[in-house]
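# Just a sequence and a predicted model for now, questions to come.
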Amino acid sequence: LAKTTQPISMDSYEGQEVNITCSHNNIATNDYITWYQQFPSQGPRFIIQGYKTKVKNEVASLFIPADRKSSTLSLPRVSLSDTAVYYCLVAKGGGDMDTGRRALTFGSGTRLQVQP
Amino acid sequence: DSGVTQTPKHLITATGQRVTLRCSPRSGDLSVYWYQQSLDQGLQFLIQYYNGEERAKGNILERFSAQQFPDLHSELNLSSLELGDSALYFCASSAGLAGGPFFGPGTRLTVL
């Protein structure tokens, strides 16, 4: 399983763009990269998932370089409500025939604090 | 709302007791994952089931066990409870890994 490394914490101000990078040097060919947001006492919320290049949805963008050894979650114009812990997860993808074994191990996450 | 439901939301019990936490995955998801999160700690993977069969195991204590039933709901059984078992327990589900896994709201267990 690819081990992930993220900064422990980050600080930002409202309205700024925040980029959180996750290193996963041992990523395997069939691994996907998924990012989650977690507020205190709540379950992690799926943000975005990608395999390569760039993925974008209504809340975030995910940039994955060609070697896939890292990924960057980009949050545009953060607000106070974006203060949370962000986790990246690297794990084997699957399809209709997948019966795979997946010990989905999370790293320590990045605690993002957004100031007014 | 992720579509994953967990019951109960809160559970308070005493040391030495046994409890059962329940998880209903999203419709169609065959994989269920259980996690433990102690106060201000990270997510500790406990166990994964796929279509009724155990597929992967993390650092799950021998006092803990789980199962997934034919209707795909899952239960996590915690026995001989200790104070240190107090934590949030999350269930997540996925269909393969496409767009997930998705987490439930969790069960907060307090052992007194």
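Looks like it came in fine.

# The closest residue to A:Val59 other than its chain neighbours and B:Leu83, how far apart?
Closest residue to A:Val59 apart from its sequence neighbours, by C-beta to C-beta, 6 or more residues apart in numbering or on different chains: A:Ile47 at 6.3 Å. Any C-beta I mention is one placed from the backbone N, CA and C, and that applies to glycine too. Separation of A:Ile47 from B:Leu83 (C-beta to C-beta, to the nearest Å): 34 Å.

# Excluding residues flanking it in the chain, which one is nearest residue 12?
Using chain A here. Looking at A:Ser12 with C-beta to C-beta, 6+ apart, the closest residue is A:Val18, at 4.8 Å.

# Oops, wrong one, chain B.
B:Ile12 sits nearest to B:Thr110 (C-beta to C-beta, 6+ apart), 4.6 Å away.

# got the residues of chain B near chain A?
B:2, B:4, B:31, B:33, B:35, B:42-43, B:45, B:48, B:50-51, B:55-58, B:88, B:90, B:92, B:94-106, B:108 (C-beta under 8 Å from any C-beta of the partner chain).

# what about residue 32, how many neighbours?
In the absence of a named chain, chain A is used. Residues within reach of A:Tyr32, counting by other C-beta atoms under 10 Å in any protein chain shown, total 21.

# think we crossed wires, I meant chain B
Neighbours of B:Val32 using other C-beta under 10 Å come to 31.

# tell me the strands in chain A, going along the chain?
A:9-13, A:18-23, A:31-38, A:45-50, A:53-56, A:61-64, A:70-75, A:84-92, A:110-115 (DSSP state E).

# shaky segments in chain A?
A:1-2, A:93-102 (pLDDT under 70).

# Quick check, central residue of it?
A:Trp35 (2.7 Å; C-alpha atoms, centre = their mean).

# What about the residues of chain B next to chain A, which are in strands?
Reading strands off these with DSSP E, I get B:31, B:33, B:35, B:45, B:48, B:50, B:55-57, B:88, B:90, B:92, B:94, B:102-103, B:108.

# quick one on the thing from earlier: how much space between the residue nearest to the centre of chain A and chain B?
A:Trp35 is 12 Å from chain B, where distance means C-beta to the nearest C-beta, to the nearest Å.
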